[in-house]
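Trainee: sequence first, then the predicted structure:
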Amino acid sequence: MTTQNSNHSADHSASLPTNSSTNPLTAAQSQLSSYLHKRMRALATEENGMSTVEYALGTIAAAAFGALLYTVVTGGDITQALTDIIERALNTDV
């Protein structure tokens, strides 16, 4: 019975080669995996071109914040509240 099991395992290992040099598909998969791993590492660490996008987004955000601040400050209630604060600060007894 042990002879039969050893023959079966020998046949099984012969049908599925594990050496990449004897199996072109395995070699190609290994090369593809290596290439993809290197490319993903490069994409994760490269910063080329990102500074332009960051500056553009920062500029847009600053312009939007400025427009919002201008709208809030030029509103009637806010202008009156700021004027009252400044008048109280200037009229305080020291």
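Mentor: That came through fine.
Trainee: for the protein, name the helix or strand with the lowest mean pLDDT.
Mentor: Lowest on mean pLDDT, DSSP states H and E among the helices and strands of the chain sits helix 2-15, with a mean of 46.
Trainee: after that helix, heading C-terminal, what element do we hit next?
Mentor: The C-terminal neighbour of helix 2-15 among helices and strands, as given by DSSP states H and E, is helix 24-45.
Trainee: check the offset of that next one from the chain's centre.
Mentor: Helix 24-45 sits 20 Å away from the centroid of its parent chain (C-alpha atoms, centre = their mean, to the nearest Å).
Trainee: offset the numbering so it begins at 14, please.
Mentor: OK, 14 is where the count begins now, so the last one is helix 37-58.
Trainee: give me the helices and strands touching whichever helix or strand comes after it, please.
Mentor: Moving toward the C-terminus from helix 37-58, the next helix or strand (DSSP H and E) is helix 63-86. Counting contacts by 3 or more C-beta pairs under 8 Å, 6 or more residues apart in numbering; DSSP states H and E, helix 63-86 is packed against helix 89-103. For every residue, glycine as well, the C-beta is placed using N, CA and C.
Trainee: and the helix it packs on, what does it pack onto?
Mentor: Here helix 89-103 touches helix 63-86, going by 3+ C-beta pairs under 8 Å, 6+ apart.
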